[in-house]
Every structure is written in structure tokens, then in C-alpha cells.
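Asks: What follows is a protein structure lacking sequence information:
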């Protein structure tokens with residue numbers, strides 16, 4: 001399935017480079033959901049995530065001739081999003097009072113008891129807060145590995161670092177989360 005998606009993405013990028021602008025629509029249709037989910041988890045803000053996802057696709061279009069077909073399109077796409085998120089974090093550090101952050105409300109497919117619902121919300125809130133407190137590099141590595149299935153090598157390329165550095169970031173992030181969430185895990 002993944003190889004099929006990679007092949008289709010490669011064909012779409014070739015079409016886009018050759019001037020077929022409808023190829024961008026197909027790429028956006030295929031990748032908007034995963035990209036928005038990644039950015040929402042990374043940023044903790046779905047509105048900003050949507051803005052950055054749109055900006056990511058603008059960059060894909062503008063930089064379409066820079067795409068290297070020896071790498072997967074998804075890695076290139078997430079690297080662009082990663083860089084935009086880093087720029088956003090830098091901007092946010094310089095303008096801390098201009099942004100308000102509201103954790104996204106969890107979706108529920110069933111009707112738990114009010115007590116169970118409250119406990120779930122508390123655990124989810126604690127998890128979101130703990131993830132958001134991680135240093136940026138750790139948070140990015142954890143999110144891309146856990147929720148988006150990227151390999152250590154892919155994350156290393158995206159973060160422009162070594163595989164060992166990514167492994168260490170993942171190990172430390174998981175250790176920090178275990179310690180921060182200890183009371184919710186017992």
C-alpha cells in the first residue's frame with residue numbers, strides 16, 4: 001500500500017513539474033488529512049495547523065522543481081511542514097502574548113459514563129500538555145514516529161540530524177512522558 005502511494009505521489013509530482021496543476025489538487029487531497037493531523041499534534045492548535053498545512057502546499061507548488069524523486073514525496077512534504085512549524089515556534093517565542101492555545105477537543109465514537117468520560121478527558125489533557133512541554137525536536141520526532149509512521153532515518157533527514165540523535169530524542173521523549181504521566185498510568 002505504501003509503495004503504491006509512493007508511486008502515485010511520484011507520478012503526480014512529475015506531472016506537476018511538467019505544468020499539470022491538477023496534480024497538486026490530487027496531492028492535496030491525499031495528504032491534507034495526515035499533514036493537518038501532524039501539525040495539530042505538533043502545534044496543539046488546529047487553526048494554526050490548517051494555515052501551515054495550506055502554506056506547505058503553496059511551498060510544494062513553488063518548489064516543485066526542487067523535488068528529488070529518489071526520496072519519498074511524504075518525507076519532502078513533512079520536511080517542508082516541519083520547517084514552517086519551526087519558523088512558527090521561533091515567531092511564537094518572540095511574540096508570546098499574541099497567541100492563545102486551546103487544546104483540541106477529543107472526538108468520541110461512543111457514550112461512556114460521565115465518570116469515564118471525565119477520566120478520559122483528564123488523561124488526554126495530561127498527555128497533550130506533556131507532549132506540548134517536550135522540547136521541539138523531541139516532540140517532532142515523537143509525533144512523526146508514533147502517529148505518522150516515519151522511520152528514524154526519515155526523521156533524521158527531516159530534522160537534518162543523525163539517526164542516533166533521533167533515537168536519543170525518541171528515547172528521552174518517551175522517558176519524560178512516562179515520568180510526567182506516571183500518576184495517570186497506575
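Replies: Structure received. Source: prediction; values computed, not measured.

Asks: Now the most centrally placed residue in the chain. Nearest residue, chain neighbours left out?
Replies: Centroid-nearest residue in the chain: residue 38, 2.4 Å away (criterion: CA atoms, centre = their mean). Spatial nearest neighbour of residue 38, excluding adjacent residues (CB to CB, 6 or more residues apart in numbering): residue 148 at 5.6 Å. C-beta coordinates here come from the backbone N, C-alpha and C atoms, glycine included.

Asks: Mind telling me what element that neighbour is part of?
Replies: In this assignment (DSSP states H and E), residue 148 forms part of neither any helix nor any strand.

Asks: what about it, how many neighbours?
Replies: 16 (other CB atoms under 10 Å).

Asks: Which residues are in contact with it?
Replies: 34, 37, 38, 78 (CB atoms under 8 Å, 6 or more residues apart in numbering).

Asks: Please report how far residue 42 lies from residue 19.
Replies: Going from residue 42 to residue 19 by CB to CB, to the nearest Å gives 33 Å.

Asks: Have a look at these two and say which one is more surrounded.
Replies: residue 42 (26 against 8).

Asks: how close does the more buried one sit to residue 139?
Replies: Taken as CB to CB, the span from residue 42 to residue 139 is 6 Å.

Asks: Mind pulling up the pLDDT for the residue nearest to the centre of the chain?
Replies: Note on residue 38: pLDDT of 88.

Asks: Quick check: next helix or strand after the strand or helix carrying it?
Replies: Using DSSP H and E, residue 38 sits within helix 22-43. Downstream of helix 22-43, the next assigned helix or strand under DSSP H and E is helix 46-62.

Asks: elements contacting that next one?
Replies: helix 22-43, helix 73-94 (3 or more CB pairs under 8 Å, 6 or more residues apart in numbering; DSSP states H and E).

Asks: Adding distance to residue 14, write the ones you listed out as TSV.
Replies: Below are those laid out as TSV (distance: least, CB to CB, whole Å):
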stretch	distance to residue 14
helix 22-43	8
helix 73-94	11
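
Asks: rank the ones you listed by mean pLDDT and give me the bottom one.
Replies: Among the helices and strands packed on helix 46-62, helix 73-94 scores lowest, at a mean of 86.

Asks: what's that helix in contact with?
Replies: Taking CB under 8 Å, 6+ apart as the rule, helix 73-94 contacts 5-6, 9-10, 12-13, 27, 31, 34-35, 38-39, 42-43, 48, 52-53, 55-56, 59-60, 63, 67-68, 99, 136, 140, 144, 148, 150, 154, 157-159.
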